[in-house]
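In: Sequence and predicted structure are below.
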Amino acid sequence: MSGALTVIDMHTGGEPLRIITGGYPELPQGTILEKRAYVRDHLDQFRRILMFEPRGHADMYGALLVEPDLPDADLAVLFMHNEGYSTMCGHAIIALGRYAVDQGLVPPGEGMTHVNIECPCGMIRAEVSMSGYKATDVSFESVPSFLFARDQLLSIGHWGEISFDIAYGGAFYALADASQFGLAFGRDPVAAFVEAADQLTSAAQAAVPLSHPEADDLAFLYGTILTDGRDAFTDQPTRNICVFAERQVDRSPTGSGVTARLAAMHARGQIVVGQTRRFDSIIGSRFSGAVASETTCGPHPAVTARVSGRAFYSGRAEFTIEQDDPLAGGFLVR
């Protein structure tokens, strides 16, 4: 690697986003999924340098802006984390919506600025609320999202039989009520949720084959979301924790996870189009979410979801590599 890697750090509901602003090699032309595959197969050392210690940590999350392939995209993005490259990330979309306006990538409008962001899962259309010329809250409308598998049953470790759904919200998640594992929010430690969620993810990956009508690259189980069970038709807030990739914990309510939950709720008749729910995270940060429209995705009845939140800047940095540093490529202690 020659030269420095530069980044701007943000967070959405406490979940970090490291936006890479310089130092990455140029990528070949191609679709967004081809670019994702190229970065994964040929440039993964840069992900480890920026996500891992000593520059990052096990729960760091990153965004690499790339040349859009879709003609109406304002920008395109590849997402990265401690295990690899995801296909969708709602907290990153919320941060990038504000970033695009603040950095002049999209001219600010009056009252509202529209930002079209091409992701590996497809086009995400964000709306950035403006206070004067300052970007504030950001909402996005998801790609078509759907309940893939309902009421699955698996025996998980010492917990016994667990019931769960699998839903797609730009990425596939297993969804389960945390009380089945004897867990309660505000009482049990995060580590207990991580262990339960990780065990369910591993079991579901082995037992439930996934498919997506648009691309095989989208058909993988990204993680598990454990909820407080408040999915029923109500206006009460609901809380969840998302454990994804290599036991990575989302500090936000998880934008694509909220989308998946909304798709599952709608399929079960627990929410109607236009109804807004509040989703709280493990640290108490919140997103609002609603079913924006009914649609289809291949053979699946589907919805688009509208998710809203707010992102903030936390810093900027320039990272360098010393050639004789044996730990320069990054490491993790968990």
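Out: Received, thanks.

In: Can you pull out the low-pLDDT segments for the chain?
Out: 1-2 (pLDDT under 70).

In: middle-most residue in it, spatially?
Out: By Cα atoms, centre = their mean, the chain has its centre lying nearest to Cys89, at 2.6 Å.

In: Quick check, it in contact with Phe79.
Out: Yes - at 4.5 Å, Cys89 and Phe79 qualify as touching, with contact defined as Cβ atoms under 8 Å. All C-beta spots, glycine's among them, are computed from the backbone N, C-alpha and C.

In: For burial, what's the neighbour tally of His42?
Out: 12 (other Cβ atoms under 10 Å).

In: Phi first, then psi, for it.
Out: Dihedral pair for His42: phi -120, psi -20, per degrees, to the nearest 10.

In: What's the separation between it and Tyr99?
Out: Distance of His42 to Tyr99, computed by Cβ to Cβ, to the nearest Å: 26 Å.

In: for Gly229, same thing?
Out: Taken as Cβ to Cβ, the span from Gly229 to Tyr99 is 35 Å.

In: Mind checking which of those two has more residues around it?
Out: Tyr99 (26 against 14).

In: any idea which helix or strand carries the more buried one?
Out: Element membership for Tyr99, per DSSP states H and E: helix 90-102.

In: Please tell me how far that helix is from the chain's geometric centre.
Out: Put simply, helix 90-102 sits 13 Å off its chain's centre (Cα atoms, centre = their mean, to the nearest Å).

In: Tell me the helix or strand right after that helix.
Out: In N-to-C order, the element after helix 90-102 by DSSP H and E is strand 112-119.

In: so how far is the very next helix or strand once past that following strand from its chain's centroid?
Out: As assigned by DSSP H and E, the chain's next helix or strand after strand 112-119 is strand 122-131. Strand 122-131 has its average C-alpha position 16 Å from the chain's average C-alpha position, going by Cα atoms, centre = their mean.

In: same for strand 122-131, what does it pack against?
Out: On a contact count with 3 or more Cβ pairs under 8 Å, 6 or more residues apart in numbering; DSSP states H and E, strand 122-131 meets helix 90-102, strand 112-119, strand 134-141.

In: Need the residues touching each of Cys89 and Phe79.
Out: 61, 63, 119 (Cβ atoms under 8 Å, 6 or more residues apart in numbering).

In: need those residues in CSV with distance to Ala328 and neighbour count, can you?
Out: Below are those laid out as CSV (distance: Cβ to Cβ, whole Å; neighbours: other Cβ atoms under 10 Å):
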residue, distance to Ala328, neighbour count
Tyr61, 21, 27
Ala63, 22, 24
Cys119, 30, 26
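
In: Which of these sits closest to Tyr313?
Out: Nearest to Tyr313, judged by Cβ to Cβ, of these is Ala63 at 13.8 Å.

In: Test my guess that that closest one contacts Leu78.
Out: Yes - counting by Cβ under 8 Å, Leu78 is a contact partner of Ala63 at 7.3 Å.

In: Packed most tightly, which of the helices and strands packed on strand 122-131 would that be?
Out: helix 90-102 (a mean of 28; mean count of other Cβ atoms under 10 Å).

In: got the CA coordinates for it in CSV?
Out: In CSV, the C-alpha atoms belonging to helix 90-102 read as follows (Å, rounded to 0.1, in the frame of the first residue of the first chain):
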residue,chain,number,x,y,z
GLY,A,90,-29.8,1.1,6.7
HIS,A,91,-27.8,2.9,9.3
ALA,A,92,-25.1,3.6,6.6
ILE,A,93,-27.8,4.9,4.2
ILE,A,94,-29.0,7.3,6.9
ALA,A,95,-25.4,8.6,7.4
LEU,A,96,-24.6,8.7,3.7
GLY,A,97,-27.7,10.7,3.0
ARG,A,98,-26.5,13.5,5.3
TYR,A,99,-22.9,13.1,4.1
ALA,A,100,-23.9,13.4,0.4
VAL,A,101,-25.6,16.7,1.1
ASP,A,102,-22.9,18.1,3.4
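
In: C-terminal to whichever helix in the chain runs longest, what's the next element?
Out: Assignment by DSSP state H gives helix 190-207 as the longest helix of the chain. Following helix 190-207 in sequence order, the next helix or strand is strand 221-227 (DSSP H and E).
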